[in-house]
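Undergrad: Need coordinates for the following:
(one chain, ligands or ions: 2)
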Amino acid sequence: MSTPQVVVVMGVSGTGKTTIGPLLAARLGVPYAEGDDFHPPANIAKMSAGTPLTDEDRRPWLDAIGAWAHRRAGLGGVVSSSALKRSYRDRLRAAAPGVVFVHLTGARELIESRMSHRTGHFMPAALLDSQFATLQPLQPDEPGVAVEVSGSPAQITERAVTALHGYAGSRPAPSA
Ligand SMILES: Nc1ncnc2c1ncn2[C@@H]1O[C@H](COP(=O)(O)OP(=O)(O)OP(=O)(O)O)[C@@H](O)[C@H]1O
Ligand SMILES: O=C(O)[C@H](O)[C@@H](O)[C@H](O)[C@H](O)CO
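TA: Ligands and ions are numbered 1, 2, ... in the order given. As a prediction, the model looks like this:
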């Protein structure tokens with residue numbers, strides 16, 4: 001049997017990480033951790049006030065997520081994290097070398113419209129510009145897959161499971 005994967009569900013705010021993450025985890029039979037829960041309170045306060053986070057703000061948050069992913073190595077897990085920049089993902093991979101990314105991608109109009117209907121969340125839709133400006137899409141030499149977010153959560157989850165299976169099948173088997 002293959003080793004359970006540790007998956008980081010990434011993408012801009014509103015792309016569906018919190019919606020798809022738990023569904024994907026349930027489908028894979030592994031625990032889910034909500035990336036927003038790893039933010040220091042000061043980060044939440046900053047975003048709530050409409051100010052984008054800096055690299056420095058994101059560092060302790062990425063390290064906390066990386067530590068969770070490291071603890072799940074060999075056991076499997078799904079954690080959400082916008083992981084917008086390559087350098088953030090490299091930091092996560094340094095902490096937890098086996099992680100695989102699922103980049104949830106979608107048209108800005110669709111994401112904006114979903115966000116505008118969301119209630120009770122600290123992240124203002126006005127920060128979407130900075131999220132897209134900061135986003136560096138998953139690159140070909142990074143481990144993971146891009147999954148488009150049109151359709152229902154169940155459809156997106158199946159798309160992610162299929163893409164992850166395809167990805168695992170495309171990698172050479174571990175030599176030891
Ligand atoms: N496939 C979908 N169809 C319809 N609505 C969706 C879908 N996926 C997510 N949503 C809705 O879109 C909004 C944003 O989704 P969600 O909160 O999961 O995104 P997120 O990436 O976790 O955002 P953030 O990073 O800001 O926490 C929510 O109101 C959610 O219910
Ligand atoms: O890096 C960031 O700017 C933040 O992590 C945001 O992406 C939020 O965590 C999230 O999107 C809001 O819920």
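
Undergrad: gap between the residue nearest to Glu148 when sequence neighbours are not counted and Thr54?
TA: In space, and not counting its chain neighbours, Glu148 is closest to Thr105: 5.6 Å by Cβ to Cβ, 6 or more residues apart in numbering. Yep, even glycine has a C-beta here, placed from its N, CA and C like the rest. Distance, Thr105 to Thr54, by Cβ to Cβ, to the nearest Å: 24 Å.

Undergrad: The two: who's more crowded?
TA: Using other Cβ atoms under 10 Å, the more surrounded residue of Thr105 and Thr54 is Thr105, with 18 against 10.

Undergrad: my read: that one touches Gly144, true?
TA: No - contact criterion Cβ atoms under 8 Å: Thr105 and Gly144 do not qualify, at 11.6 Å.

Undergrad: where does this protein have low pLDDT?
TA: The model of the chain has pLDDT under 70 over residues 1, 172-176.

Undergrad: And stretch 119-135, end to end?
TA: 24 Å (Cα to Cα, to the nearest Å).

Undergrad: Let me see the residues that make contact with the host helix or strand of Ala25.
TA: Using DSSP states H and E, Ala25 sits in helix 17-28. Applying Cβ atoms under 8 Å, 6 or more residues apart in numbering, the external contacts of helix 17-28 come out as 4-5, 7, 9-11, 31-32, 34-36, 76-82, 102, 104, 149, 153-154, 156-157, 160-161.

Undergrad: near ligand 2, from the residues you listed?
TA: Among the contacts of helix 17-28, the residues within reach of ligand 2 (Cβ under 6 Å from any ligand atom) are Asp36, Ser82.

Undergrad: Please, a ChimeraX command that selects the buried ones among the contacts of helix 17-28?
TA: Selecting only the buried entries of the contacts of helix 17-28 in ChimeraX, with 16 or more other Cβ atoms under 10 Å as the criterion:
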select :4,5,7,9,10,11,32,35,36,76,77,78,79,80,81,82,102,104,149,156,157,160,161
